[in-house]
Each structure stands twice: as structure tokens, then as C-alpha cells.
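Q: got a structure for you, letters missing:
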């Protein structure tokens, strides 16, 4: 993980390539069967802050969707939070590949101990190996 922090935002962001599981909380309808289903994917973060996380994905969710976010920190500990898709971006390159597309997820709820884990990762880890 790079320790470079972007402090121009409300919550400083740390560049971080961490595994993230995103699970939708509201069902979608399968266009073929008409049956409801929930989406769950494993993706990778690009940066994280106390306020949210940017997740790289080729299949961004629509803004406003509520999701459960599970961010796996180095050492295997996970931070779980309720989130909302604040924005999504899909950028296609000339060869059709997705280039840095993804979703910005805003944390809207989490237990205090979960946020304490995240705070430790973001601010108090100078003496820990990466």
C-alpha cells in the first residue's frame, strides 16, 4: 500500500489495493426469469478513506444503490460497513477494455469497532510492515 494521502477532501484518502466484497441490499430483477436476485462481487479498491472507498469494477452499480461493503485489510481483518453508491464511472478504451472504471462507495453506517479498525489502518500504522 502506498502511504500517499490526498488531503484535499473531507476525509483524506489513502491509495490502497485491497480486496473488497460488495453485496447489494435491495434485490434486482433477472430480465430473463423475472425472479429477484442479489448481486455479490469481489473486487479491488484503488483508494480508501474514513468516508468511503473507490472500487475498481467493470460492472458498476447505479448511484444510490445500498450495499454491504467488506474491505479486507492486510493481515486478514475485515471492515464491514453499510454503503451507498455515490457515483459510478465506466471508461472504455479504444480496444474495449475498461480503464479505471468503478464505483465510489460512501460509508453510511458501521459499528464503532469497525471504524476503529479502519482508522488504525489509515492513520496509526506507520510502525507496521506492509
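A: Now that the structure is in, tell me what you want to look at. In this text the structure is predicted, and so the values were computed from the model without any measurement.
Q: Find the residue closest to residue 105 in space, skipping its chain neighbours.
A: Nearest non-adjacent residue to residue 105, counting by C-beta to C-beta, 6 or more residues apart in numbering: residue 83, 4.3 Å away. (C-beta placed from N, C-alpha, C; glycine too.)
Q: and if you look at residue 51?
A: Ranked by C-beta to C-beta, 6+ apart and with sequence neighbours excluded, the top spatial neighbour of residue 51 is residue 11, at 3.7 Å.
Q: which SS state does that neighbour fall under?
A: When classified by DSSP: H, G, I helix; E, B strand; the rest coil, residue 11 comes out as coil.
Q: quick one: the helices in the chain?
A: Using DSSP state H, the helices of the chain run over residues 112-123.
Q: that older thread, number of nearby residues for the residue nearest to residue 51?
A: Using other C-beta atoms under 10 Å, the number of residues around residue 11 comes to 15.
Q: What residues does it make contact with?
A: For residue 11, the contact set (C-beta atoms under 8 Å, 6 or more residues apart in numbering) comprises 49, 50, 51, 52.
Q: From residue 23, how far off is it?
A: Per C-beta to C-beta, to the nearest Å, residue 11 is found 23 Å from residue 23.
Q: With residue 107 instead?
A: Look at residue 107 and residue 23: by C-beta to C-beta, they are 15 Å apart.
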